[in-house]
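Peer 1: My questions concern the predicted model and sequence given below.
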Amino acid sequence: MNKRTRYFFICLLMVASVQAFIEKGLLAQSSADSVIFRAMHDEIERSMHDLEYRDYAKPCYIGFELNNHFEYVIHAELGAIFRSDTLSNRGWSYRLIVGTYEINDENFRGQSNDNNMSMGDLADVFPVENNYWGLRRSIWMKTNDIYLRAGVNHREKLKLIEQGKISKESLTIHDFTRSTPVEISIDRKTDDPSLDVLKEKVRRLSEAYYSNRPNIDYSTASLSYNKNDVYYQNSEGTRFKIPQDLLSLNVTLKKETGNYDFNVRTLSVIAESFDELPSLEQLQQDVEKLVEDFRKKADAIIPENEYTGPVLLVGRIASETLLDNLFDADHSLYAERNDLVVNTQGDVFFEEIQNEWQSKMGKRILPDSTDIMALPALNEFNGVKLMGNYPIDSDGIIPPDSIKLVEDGKLLAMLCSRTPTSVTDISNGHYQFYFTSNGLAHFHGPSVIRIQANKAFSLEGLRQKLIDYAKKEGYDFAYIIRSIPSETANMPYNFYRINVETGEEQLMKNVSLERFIETSEMRKIAFSRDIMVLNTLMNGNRFAIINPNGLPVSYIGPNAIFVEEMNINVVKDLGKLHTAGDYITNPLKR
């Protein structure tokens, strides 16, 4: 055997050994899973060693994520199916960091590039089949573009340091944190039901019009099932495959209340699987509650003036308003990173941190009897499945079972990702998957939030507290906002104006609540003794099931809160802007 032949066989044995090592190291996988992980692993290895261009630094970290997305969409109106689609696509996202963990291209907005240009979603070309070379080619095509963008950003940052425009002393906070590699593989536990069964359920829920004339004029129902198989691999050795599913069901009723003026009410249900959906009979009972709400609204009053003053919130509106204000941009329990910025004039500065609470570590931000925990591993509470729990976040970090954020009203810790901040230096696994119309994105936010008030009141006690405070401040009336009660669905809420002398309540309409609570008012909130469990969606900084998109969050806490000052606005009466001949008569009215 000559030297050339011997060298060829040695190389072949080395390749086979490496391949066997990789295959052995993979979790128990199907052949399709193995191909996906092998393509990601091999392309990461190639990129970490071979990517180079001019004087750019090499990558210090690469993470790839591939997502097989499938979606059911069913929509029915007045008992007829109007839409029934099944959609599928394959998307991916990446994070490629150039430089070192301490100083790299992230957290920097220079003149030549923008912040975090090394992160993104959706490749230009990606095969739907699990072809090893096809997958590698698609990853390779995008990786080179990512590297060039990240490299030029990092080079500009280093030059500013060399020129003395950025002192190394000012860069005490590292740009990225290291992590111990983990491997996780979780299979979906339930099978999908028949599409015909789902269509029939949605169709039946849209029939409310026929059994409730003349109380409503229109009824619709829609279902969306966002189903994802996520594959993730990074250069540190972390690898996972997990399902990420969100099912959203909405039933909407409409009633014309005047010329070109409509009352619209929607009940919503979210779940992870079809097995968790309420029965048709349970949902129909909730629909009847909406119909009854329309009857009551016929006699509701439109207030003459807007209102600023004390408010009592009861039910879902209380929990979602509280979450809104615990994770608001101005005061949040999530830590914020202030980026280094170069403006068009060449001035270099750190942007200001908008989050006021970030500078109050160890100080009181809530009533002194209040404790708040993040419990991302908690699956169930009082028999309710918690959708805010997850095994691993999109950064490949397994969150701790519990994080004490607030104790006796004082801020102890903040939620964070792998990007260090002024108050966090390691991740606690809160950079999660966010559901979108095309599959998944990534977003920082809460998980399962448990709020405990050691000093709490009965609901009647909070009502009396509202009356007493309003009297003391010279108000003739105050407001109570109550969600329509339900054990199975997220229901809308109503506004009641309460006379502080007589205690009489009047149902109001054409009003809306500004859900923001001032930082100073957060320290004065009074909580109910009774608790509730709620699953909702975080859309930006707003918590509500407005559409099938968002970050699933679970709330365990008081079912009512009293706030000394909130704003309630009056919605304009559109009916006064039109005459009877300005619109087409409903053809269903006979």
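Peer 2: Cool, got the structure.
Peer 1: Tell me the buried residues in stretch 142-153?
Peer 2: 142-143, 146-153 (16 or more other Cβ atoms under 10 Å). C-beta coordinates here come from the backbone N, C-alpha and C atoms, glycine included.
Peer 1: Phi, psi for Glu156 please.
Peer 2: phi -60, psi -40 (degrees, to the nearest 10).
Peer 1: got a pLDDT number for the residue nearest to Phe435 when sequence neighbours are not counted?
Peer 2: Using Cβ to Cβ, 6 or more residues apart in numbering and skipping the chain neighbours, the partner closest in space to Phe435 is Leu246 (4.7 Å). Looking at Leu246, its pLDDT reads 95.
Peer 1: how far does whichever strand or helix holds Leu246 sit from the chain's center?
Peer 2: If you go by DSSP states H and E, Leu246 is part of strand 239-258. Put simply, strand 239-258 sits 13 Å off its chain's centre (Cα atoms, centre = their mean, to the nearest Å).
Peer 1: buried ones in the following helix or strand past that strand?
Peer 2: Using DSSP H and E, the next helix or strand after strand 239-258 towards the C-terminus is strand 261-271. Residues 261, 263, 265-271 are the ones in strand 261-271 that count as buried (16+ other Cβ under 10 Å).
Peer 1: Counting neighbours, what do you get for the residue nearest to Phe435?
Peer 2: 24 (other Cβ atoms under 10 Å).
Peer 1: Report the beta-bridge partners for it.
Peer 2: Asn226 (DSSP bridges).
Peer 1: which residues does His69 contact?
Peer 2: Contact partners of His69, counting by Cβ atoms under 8 Å, 6 or more residues apart in numbering, are 87-91, 226-228, 438-440.
Peer 1: Tell me the one among the residues you listed nearest to Ile372.
Peer 2: Leu440 (27.4 Å; Cβ to Cβ).
Peer 1: ok, the closest one touching Gln244?
Peer 2: Yes - the pair Leu440 / Gln244 is scored as a contact, 6.1 Å apart, by Cβ atoms under 8 Å.
Peer 1: Need the residues touching each of the two.
Peer 2: 228, 230, 433.
Peer 1: Would you quantify the distance from the last one to Asp330?
Peer 2: Here Phe433 is placed at a distance of 26 Å from Asp330 (Cβ to Cβ, to the nearest Å).
Peer 1: Which one's more surrounded, these two?
Peer 2: Neighbour totals were compared for Phe433 and Asp330, and Phe433 leads with 23 against 13 (other Cβ under 10 Å).
Peer 1: Which element is encountered next along the chain beyond the host helix or strand of that one?
Peer 2: In this assignment (DSSP H and E), Phe433 forms part of strand 431-436. With elements assigned by DSSP H and E, the helix or strand that comes after strand 431-436 is strand 439-444.
Peer 1: Sheet-wise, list the partners of that following strand with their directions.
Peer 2: strand 431-436 (antiparallel).
Peer 1: Next up, phi/psi of Glu304, please.
Peer 2: phi -80, psi -30.
Peer 1: Next, count neighbours for it.
Peer 2: Should you count by other Cβ under 10 Å, Glu304 turns out to have 6 residues around it.
Peer 1: What residues are bridge-paired with the residue nearest to it when sequence neighbours are not counted?
Peer 2: Distances taken as Cβ to Cβ, 6+ apart place Val570 nearest to Glu304, at 7.7 Å, with adjacent residues excluded. Beta bridges link Val570 to Val511, judged by DSSP bridges.
Peer 1: Contact partners for Val570?
Peer 2: Taking Cβ under 8 Å, 6+ apart as the test, what Val570 contacts is 302-306, 510-511.
Peer 1: now it: how far from Leu253?
Peer 2: Taking Cβ to Cβ, one finds Val570 at 23 Å from Leu253.
Peer 1: just Arg418 next, same as before
Peer 2: Counting by Cβ to Cβ, the gap from Arg418 to Leu253 is 45 Å.
Peer 1: How about Ala478?
Peer 2: 29 Å.
Peer 1: hang on, the earlier thing: out of the contacts of His69, which is nearest to Tyr53?
Peer 2: Gly91 (26.8 Å).
Peer 1: need the next SSE after the least confident helix or strand in the chain by mean pLDDT, C-terminal direction.
Peer 2: In the chain, the helix or strand scored least confidently by mean pLDDT, DSSP states H and E is helix 3-25, which has a mean of 44. Downstream of helix 3-25, the next assigned helix or strand under DSSP H and E is helix 31-50.
Peer 1: Fine by me, thanks again.
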